[in-house]
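Visitor: model the following, please.
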Amino acid sequence: MKLLSGRWRPAAPRRSPVSIRILHVVDSWAVGGLQNGLFNLIERMDPSRYEHVVCAMRPAGGGDAFSTGRAQMASLSAKDSASRFQIPALARVIRQVNPDIVHTRNWGTWEAQAAACYAASCARIHSEHGIDWDTTAHEPLRRILFRRLAFQMAHRVLSVSSQLRDLHARRTGFPARRITVVHNGVDGSRFSPDPSARARLRRELELGEEEFCIGCVGNLIPVKDHMTTLRAVDRFAQCGRPWRLLIVGDGPLLSALTEFVNGRQDCKGRVMFLGKSNRVADLLNAMDAYVLSSLTEGISNSVLEAMATGLPVVVSATGGNPEVVVSGESGLLFPVGDERRLAELLRMLQTQRELRQRLGRNALRRVREEFSLDSMVKRYTDIYENLVSAGERPARTLARV
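Guide: Got it, this is the predicted structure:
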């Protein structure tokens, strides 16, 4: 696929007269939960019916980035990205792409809603996928106003969890009844129990048969609060039973987390930082329990993937986590930042094999019934089809905030 950045060519013709072209606008191509969810959506939608262009507000940088062969990739130029007024540049993208639908994600893409409102006759969707950890209790008025503008200009507003829907409705004053919840979904064909992968990876990692393996997957950034997990396993280590912690991911907090581990005698040699990996599905199978200690979450893809692998999950009771995990049935919840309670739950799982097995079975069943990728794709497909068939057109005037 060609990379569109800075130079704009004429709008591409449709592959077929019945195809629907969607322009997805994201803040960046950096790999994360939002990008993984978008990747899964695009890969599963009917390519004979849908065409996709993914536009990033920021130009591509080094390192891992979003990529799929079923979408054309675009980004603003460095000059346009640095501008304080990005609507003209986004309008050029929209005119070039000539989409049937513009789908923006999170508050940082609100200007694409304004550009679509004035530059093209197309349907508009805005969706919210999470909230920054430093705005959990209080969000700057500027963000609230821009988010409200995006909501007002869109024909449909979506959220990945009921908790996130209610939070934004309360902050912006936008009616919660006008925000549709579409939960993330997990690919059950990729993430599933695999005894052979478990045996192979445990041999490779030199994990003993009786060694209790805890794991977590995610970027090493403040909102994921890996330090609470490390403090919990430091307490947990005092039980004297064999254990190991696998931390999969990379990020700016790696050095601080490594320093903490090196300063704890009981943790040294038992905590493994594996970095970014393309073998997450296999690594999950090597684990006995999965931990997520985030300060806030929308709907965590990593938790869904762990549950789809049949793992008992122990997650912080924040954001959309309680919508995914029914505590005591399909996993266990603990208060945000409560390392003591997390350590207690880990001890309980280590010593009660039957509990681990029951929670794992229930987690697998819950994901298959409520959070399948097919279900997520169907929800988005229905929304796209309904908008196009309804012939939605821009209002041409900004609603009052």
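Visitor: show me what contacts the nearest residue to Gly320 once chain neighbours are set aside?
Guide: The shortest distance from Gly320 to any non-neighbouring residue, by CB to CB, 6 or more residues apart in numbering, is to Ser161 (3.1 Å). C-beta here means a position set from N, CA and C on the backbone, and glycine is covered the same way. For Ser161, the contact set (CB atoms under 8 Å, 6 or more residues apart in numbering) comprises Val181, His183, Gly298, Ile299, Gly319, Gly320, Glu323.
Visitor: for Leu295, see how far away Glu344 is.
Guide: Applying CB to CB, to the nearest Å, the value for Glu344 to Leu295 is 20 Å.
Visitor: avg pLDDT for stretch 115-127?
Guide: pLDDT averaged over stretch 115-127 equals 90, rounded to a whole number.
Visitor: how far away from the center of its chain is that stretch?
Guide: Shown here is stretch 115-127, whose average C-alpha point lies 24 Å from the average C-alpha point of the whole chain (CA atoms, centre = their mean, to the nearest Å).
Visitor: flag every buried residue along it.
Guide: Within stretch 115-127, the residues that count as buried by 16 or more other CB atoms under 10 Å are Ala115, Ala116, Cys117, Ala119, Ala120, Cys122, Ala123, Arg124, Ile125, His126, Ser127.
Visitor: end to end, how far does that stretch reach?
Guide: Chord length of stretch 115-127, first to last residue, is 16 Å (CA to CA, to the nearest Å).
Visitor: which outside residues touch it?
Guide: Counting by CB under 8 Å, 6+ apart, stretch 115-127 makes contact with 87-88, 90-91, 93-95, 98-106, 109-110, 113, 150-151, 153-160, 182, 383, 387-388, 390, 392-396, 398, all of which sit outside it.
Visitor: and with 6 Å instead?
Guide: Among residues not part of stretch 115-127, those counted as contacts by CB atoms under 6 Å, 6 or more residues apart in numbering are 87, 90-91, 94-95, 99-105, 113, 150, 153-158, 387, 392-394.
Visitor: mind listing the strands for the stretch 251-400 of the chain?
Guide: When assigned using DSSP state E, counting those that start in this stretch, the strands of the stretch 251-400 of the chain occupy the ranges 271-275, 289-292, 313-316, 332-334.
Visitor: now, of those strands, which is deepest in the fold?
Guide: By mean neighbour count, with neighbours taken as mean count of other CB atoms under 10 Å, strand 313-316 ranks first of the strands of the stretch 251-400 of the chain at a mean of 28.
Visitor: and it, what does it pack against?
Guide: Applying 3 or more CB pairs under 6 Å, 6 or more residues apart in numbering; DSSP states H and E, one finds that strand 313-316 contacts strand 289-292, helix 301-308.
Visitor: what's the distance between that strand and the middle of its chain?
Guide: Here the centre of mass of C-alpha atoms in strand 313-316, compared against the chain's by CA atoms, centre = their mean, lies 16 Å away.
Visitor: then stretch 231-251?
Guide: Averaging C-alpha coordinates over stretch 231-251 and over its chain gives two centres that are 25 Å apart (CA atoms, centre = their mean).
Visitor: for it, list the C-alpha coordinates in PDB.
Guide: In PDB, the C-alpha atoms belonging to stretch 231-251 read as follows (Å, rounded to 0.1, in the frame of the first residue of the first chain):
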ATOM      1  CA  ARG A 231       5.500  -4.700  45.000                       C
ATOM      2  CA  ALA A 232       2.900  -7.400  45.200                       C
ATOM      3  CA  VAL A 233       5.200 -10.200  44.100                       C
ATOM      4  CA  ASP A 234       7.800  -8.900  46.500                       C
ATOM      5  CA  ARG A 235       5.300  -9.600  49.300                       C
ATOM      6  CA  PHE A 236       4.200 -12.800  47.600                       C
ATOM      7  CA  ALA A 237       7.800 -14.000  47.400                       C
ATOM      8  CA  GLN A 238       7.800 -14.400  51.200                       C
ATOM      9  CA  CYS A 239       5.500 -17.400  51.000                       C
ATOM     10  CA  GLY A 240       8.600 -19.600  50.100                       C
ATOM     11  CA  ARG A 241       6.900 -21.500  47.200                       C
ATOM     12  CA  PRO A 242       8.600 -21.400  43.700                       C
ATOM     13  CA  TRP A 243       7.300 -18.700  41.400                       C
ATOM     14  CA  ARG A 244       8.200 -16.600  38.400                       C
ATOM     15  CA  LEU A 245       6.900 -13.300  36.900                       C
ATOM     16  CA  LEU A 246       7.000 -12.700  33.100                       C
ATOM     17  CA  ILE A 247       6.700  -9.000  32.000                       C
ATOM     18  CA  VAL A 248       6.100  -8.700  28.300                       C
ATOM     19  CA  GLY A 249       6.400  -5.300  26.800                       C
ATOM     20  CA  ASP A 250       8.700  -2.300  26.700                       C
ATOM     21  CA  GLY A 251       8.500   1.400  27.500                       C
END
